[in-house]
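> Below: sequence and its predicted model.
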Amino acid sequence: MRESREFLVITFSETSDAMAAEKLFQEMQVPGRIIPIPRQLSAGCGLSWKTELSERERAESALQGAGIRWHEMEPVKLWV
């Protein structure tokens, strides 16, 4: 049976920012992956990064340090 739980979802206005974030997070070994933006959120490019809630501070710091813009960074309940 499927269940839902909260993840941190980071949305981006530009596809180039989403792709840059994916590369950065992979290099820094921040767990997660690119997913379509969940219905609960909205952003321009349609892509988002899903990771554990505990990674918020690390992800935000990495994005700021690299100068990568994000639209929203929110906890969202998703099916697993």
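That came through fine.
> For the rest of this, base every contact and every neighbour count on C-alpha atoms.
Noted.
> Who are the packing partners of the longest helix seen in the chain?
Using DSSP state H to define each element, the chain has its longest helix at helix 15-27. Helices and strands touching helix 15-27, by 3 or more Cα pairs under 8 Å, 6 or more residues apart in numbering; DSSP states H and E, are strand 33-36, strand 47-51, helix 56-66.
> Could you list the residues in contact with it?
Residues outside helix 15-27 that contact it (Cα atoms under 8 Å, 6 or more residues apart in numbering): 11-12, 31, 33-34, 45-49, 59, 62-63, 68-70.
> Quick one, which of these are buried?
By neighbour count, with 16 or more other Cα atoms under 10 Å, the contacts of helix 15-27 hold 11-12, 34, 45-49, 59, 62-63, 68-70 as buried.
> Give me the neighbour count for the nearest residue to G32 once chain neighbours are set aside.
Among residues not flanking G32 along the chain, T51 sits closest, at 4.3 Å (Cα to Cα, 6 or more residues apart in numbering). Using other Cα atoms under 10 Å, T51 has 20 other residues around it.
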